[in-house]
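> Next input, structure requested:
(chains A and B)
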Amino acid sequence: MPVQKLQREIERVLGEMGVDAPVAVAFERPRNPEHGDWATNVAMTLAKPLRRPPRQIAEELAQRIDASAAGIRSAEVAGPGFINFRLAGDYLRDGLLGILRDPDAFGRGDAGQGRPVVVEFVSANPTGPLHVGHGRQAALGDAVSELLAWAGWKVHREYYYNDAGEQISMLARSVWARYQQLLGEDAEFPEKGYQGDYIREIAADFRAEHGDRFRGDASDAAMDAVRVFAVRILRAGQNADLDDFRVRFDEFFLESSLYASGQVERTIERLRATGHVFEHEGAVWLRTTAFGDDKDRVMVKGSGHPTYFLPDIAYHLNKWERGFHRAVNVQGADHHGTVARVRAGLQALGLPAGYPEYELHQMVTVMRGGVEVKFSKRAGSYVTLRDLFDEVGVDVTRWFFLMRRSDSQLTFDLDLALDQSDKNPVYKVQYAHARMCSIFRRAGLAADEVSAEGADLALLGHETEVELAKRLLRFPEEVAASAEEHTPHLVTAYLEELAGAVNSWYHAGNRDPGLRVLGVADELSRARLVLARAVQVTLRNGLAVLGITAPERLDRAEAEA
RNA sequence: GCGCCAGUAGCUCAGAUGGAUAGAGCAACGGCCUUCUAAGCCGUAGGUCAUAGGUUCGAGUCCUAUCUGGCGCGCCA
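As a prediction, the model looks like this:
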């Protein structure tokens, strides 16, 4: 990245000026293009320690900089003490060539250096079809995973679920009751049982397999048979939902395995050894307040059963011991209460304070015609993920889940999602991509046959072309920042802006045929094809990060008959 | 009662470690179809950044209080 050269040069000059305090030289891209390509406020931050006016420091710095070593065309002092830099023109040319040389790598970085990170998301218990909240989490977790992979991390996607707890037992009792009712028995449905037609479907399937073998049988064995059956069906259903949503996991981690392997027991022993465990009114507590929690937490109830807190710690300790010294948990904001206590428990065991990282997302509401959609027949009390992507498509659904910051509430506007014009950002971006491919088709080329060989990129002098090229070259930074902050919405915003710039460029050619890619002088055409290819690669890679397809052609929807 | 998140244009939302004139899409208004696909493009207008204080060279961003909305609080899972 060109800015690194510039940074090294500034650090050298600072040394020359006798600045001994290590100063972080911060750069930013000015919003106003008149302020150049990059700017630094280092003179202002140095004003105090050096006891000199910021503008004076800036002037001296700007004068001492060796333009060619820094890779810049100009450095000028402005405002209260900013130094604005304009990069030497050839960085655009080099950048575009770089994109064509290795298209699949454009946007990738090495911040992670191949280190492992585990990203846990969805983690729904197998008690029903996935709902829209899980959908947001699936899209978010998958995009965060992909971003981290693009940033050079070795990513492990993991799904954690409880296959033996209270919720599962309620599931079993719900299905059991429906099964009995199917057999004509007078079974009472549990008060807090799972509503929704899918429970009846499972009961019917169970009957188809087992007939009336368990009629009136409420024994543990019967309940077990129902439970195992229901969990198997629902797991398969959830897996199909995720598969069709194009989300894959490397591992499904069962909570029950933590008990089976003795890890829960070992965790409590290790916690005891720290001296932070105490007993109070018959329960076993961990003094989490010693690590920033606002109250101490029960690990083992007076009944002798552990709370969820204990396996949570055991699970994260397990992640750490598997070598994942970085872990990201994508969860609903309703879990925020567990963050402080899990971290506290892990700190007690000597893990670092910020482990694991959490990306919490707020709720999703689905709107149609200005009215909230609350129910689906199959699930009863909620809208399923499948309802959504069956109706509007996987690409649109994923984009809509990703286009907002995760910590703001998300309104899923079905009317907008179904719209196939540029009001719908997904189509806008995909269409810009398809347009580039259309140009290649006209030129008789496949996208990857577009070559920079013999192209004179200095011919890309028009303002829209320069603007577009600059925007393209920002892509790697966008990916890096989004990966670090777990913020895929920055990528959707970037792509939408880029698509706007692409459309401007493309349409400049409609107004003035001299600005087209094809049908102009050979030399020029070759240069512009390079730009078009760079655009196409960037859009494609950006969409890939988000798990969204980049079609080469979008067929116009049939007009209403 | 305590905690977390949010409050930015008519609507939906961006605004990375505090930086220069707060941005985008939609809606509104005015233009543009013998096109490298108008599912589009060009332009105009639109803001006391919830409110009140504070910190400093500088605050949408940090601190305090208040108001509004969402979520959470357990020997629940």
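
> alpha carbons only for contacts and neighbour counts from here, please
Noted.

> Just the CA trace of the helix or strand where residue A:56 lies, in CSV.
Using DSSP states H and E, residue A:56 sits in helix A:54-64. Extracted in CSV, the C-alpha atoms of helix A:54-64 (Å, rounded to 0.1, in the frame of the first residue of the first chain):
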residue,chain,number,x,y,z
PRO,A,54,1.4,23.1,14.7
ARG,A,55,1.6,24.9,11.4
GLN,A,56,5.2,25.6,11.9
ILE,A,57,5.9,22.0,12.6
ALA,A,58,3.9,21.0,9.6
GLU,A,59,5.8,23.4,7.3
GLU,A,60,9.1,22.0,8.4
LEU,A,61,8.0,18.5,8.0
ALA,A,62,6.5,19.1,4.5
GLN,A,63,9.8,20.8,3.4
ARG,A,64,12.0,18.0,4.6
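
> average model confidence for it?
Helix A:54-64 shows a mean pLDDT of 84.

> does RNA strand B sit close to that helix?
No: residues of helix A:54-64 are not located near RNA strand B by CA under 7 Å from any atom of the strand, the shortest gap being 8.7 Å.

> State the next helix or strand along the chain beyond that helix.
Following helix A:54-64 toward the C-terminus (DSSP H and E): helix A:67-70.

> So which elements touch that next one?
With contacts taken as 3 or more CA pairs under 8 Å, 6 or more residues apart in numbering; DSSP states H and E, helix A:67-70 sits against helix A:2-16.

> buried ones in the helix holding residue A:56?
Within helix A:54-64, the residues that count as buried by 16 or more other CA atoms under 10 Å are A:54, A:55, A:57, A:58, A:59, A:61, A:62.

> same question, stretch A:91-107
Buried-residue list, stretch A:91-107, by 16+ other CA under 10 Å: A:91, A:92, A:93, A:95, A:96, A:97, A:98, A:99, A:100, A:103, A:106, A:107.

> same question, stretch A:374-392
A:378, A:379, A:380, A:382, A:383, A:384, A:385, A:386, A:388, A:389, A:392.

> cool, stretch A:313-329 as well?
Result for stretch A:313-329 [16+ other CA under 10 Å]: buried residues A:313-320, A:324-329.

> Any chance of the buried residues of stretch A:91-107 in a markdown table with distance to residue A:536, pLDDT and secondary structure as columns?
Output for these, formatted as a markdown table (distance: CA to CA, whole Å; pLDDT from 0 to 100; DSSP: H, G, I helix; E, B strand; the rest coil):
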| residue | distance to residue A:536 | pLDDT | secondary structure |
| --- | --- | --- | --- |
| A:91 | 20 | 79 | helix |
| A:92 | 16 | 83 | helix |
| A:93 | 17 | 87 | helix |
| A:95 | 15 | 89 | helix |
| A:96 | 12 | 91 | helix |
| A:97 | 14 | 92 | helix |
| A:98 | 14 | 92 | helix |
| A:99 | 10 | 93 | helix |
| A:100 | 10 | 93 | helix |
| A:103 | 10 | 94 | helix |
| A:106 | 11 | 94 | coil |
| A:107 | 13 | 93 | coil |
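
> could you redo these as TSV and give each row distance to residue A:250?
Shown next, in TSV, are those (distance: CA to CA, whole Å):
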residue	distance to residue A:250
A:91	40
A:92	39
A:93	40
A:95	35
A:96	35
A:97	36
A:98	32
A:99	31
A:100	32
A:103	27
A:106	25
A:107	24
